[in-house]
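Visitor: From the sequence below, what's the structure:
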Amino acid sequence: MHNNILDNKKQIKKTNFFLIVNYVSSLAAILFAGACYFVFNINVLVAIAFLIFGILIFINSFLLKKRITLSNSSLIYSNNTLSKKLLEKETLLKEIHHRVKNNLQTVSSLLSMQSRNMEDKELQTLLKGTQNRVISMSMIHEMLYMRNDLSKIEYKTYVQELSQYLIKSIKGIENKVKLTIDIPDIKLGIDTAIPLGLLINETITNALKYGIVDDSEGEIHIAIKKEIHKEYVLIIGDNGVGFPETVNHKNTKSLGLKLIYSLTRQLKGSVIRDISKKGTNYIIKFQEIGQQLNPIV
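Guide: Numbers count the residues shown, from 1 in each chain. Just a heads-up that it's a prediction; the model follows:
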């Protein structure tokens, strides 16, 4: 829709330029006819020929002006209509993101209430994990609602907010966890941002629950590097106690670990566990996923 508006504006400029060229050409022909007769004393028939030629061009320019005026009016009307539709679409998308965010926050609140009413610590932990996953998705819709760009979010800001929330949620406000984030100013669409956000959520949650145990000191690092085209590398991990190399997503009962591999497949990527570093560290290659739904015309 944006492209149609820009094409219409270019067409208006092009037709206006063509009209000016016609006017200048007609004026030049008439002036040349006068110069032929009065200055260069060329045959009167030649001067008359140039004069008639100039007059014909002028008449043609006058008629062309009418057609261009009508054409420009039509293009301006079309631009105004497209701009109105674009504004309506953006307003609708904002409302959708706002409602999705509110619904997800409602689900999160229900999970929190249910968790507080349970005495089983294991079930409380499971519900808390589910609640954090819901919040990680809610944050994306909130950022899309709050910003002018409805298709992409600034991912560095999102990862910072999500990571800080998870650390405070699991370890408390007073904690000894150091967070290091190295992400360039990249924007990702919702079809990439949500699964990648859930993947980061699972990795950080596992690090806080099993890697950096109790109130011990620890560090979580998150880095994203952009490679060729729409390919990226996520380097994420902690310096905690880690887990045995024999444990993997196929033989473990850990939902978090299974989700990390499942979400990576969704992003058309691959996971490598970096065993050269202390703790649990991953090198995850992924692709930016294009819009899955057909755009509104």
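
Visitor: can you give me the helices for the stretch 51-200 of the chain?
Guide: Taking DSSP state H, counting those that start in this stretch, the helices of the stretch 51-200 of the chain run over residues 121-146, 155-171, 190-206.

Visitor: got the contact list for the residue positioned nearest the centre of the chain?
Guide: Geometric centre of the chain, nearest residue: Lys152, 1.9 Å, by CA atoms, centre = their mean. Going by CB atoms under 8 Å, 6 or more residues apart in numbering, Lys152 touches Lys187, Leu188, Gly189, Ile190, Ala193. For the C-beta atoms, the positions are set from N, CA and C on the backbone; glycine is no exception.

Visitor: Those: which two are farthest apart?
Guide: Set against one another by CB to CB, the contacts of Lys152 have their most distant pair in Lys187 and Ile190, with a gap of 11.0 Å.

Visitor: of those two, who's got more company?
Guide: Under the neighbour definition other CB atoms under 10 Å, Lys187 and Ile190 were set side by side, and Ile190 has more, 21 against 15.

Visitor: Relative to Glu288, how far out is that one?
Guide: Ile190 sits 11 Å away from Glu288, going by CB to CB, to the nearest Å.

Visitor: where in the stretch 51-200 of the chain is pLDDT low?
Guide: Filtered on pLDDT under 70, the stretch 51-200 of the chain yields the residue ranges 51-72, 75, 86.

Visitor: please redo it, this time with the cut-off set to 80
Guide: The model of the stretch 51-200 of the chain has pLDDT under 80 over residues 51-94, 96-98, 145-151.

Visitor: what's the neighbour count on the residue nearest to His141 when sequence neighbours are not counted?
Guide: Closest residue to His141 apart from its sequence neighbours, by CB to CB, 6 or more residues apart in numbering: Lys101 at 4.0 Å. Neighbours of Lys101 under the rule other CB under 10 Å: 20.
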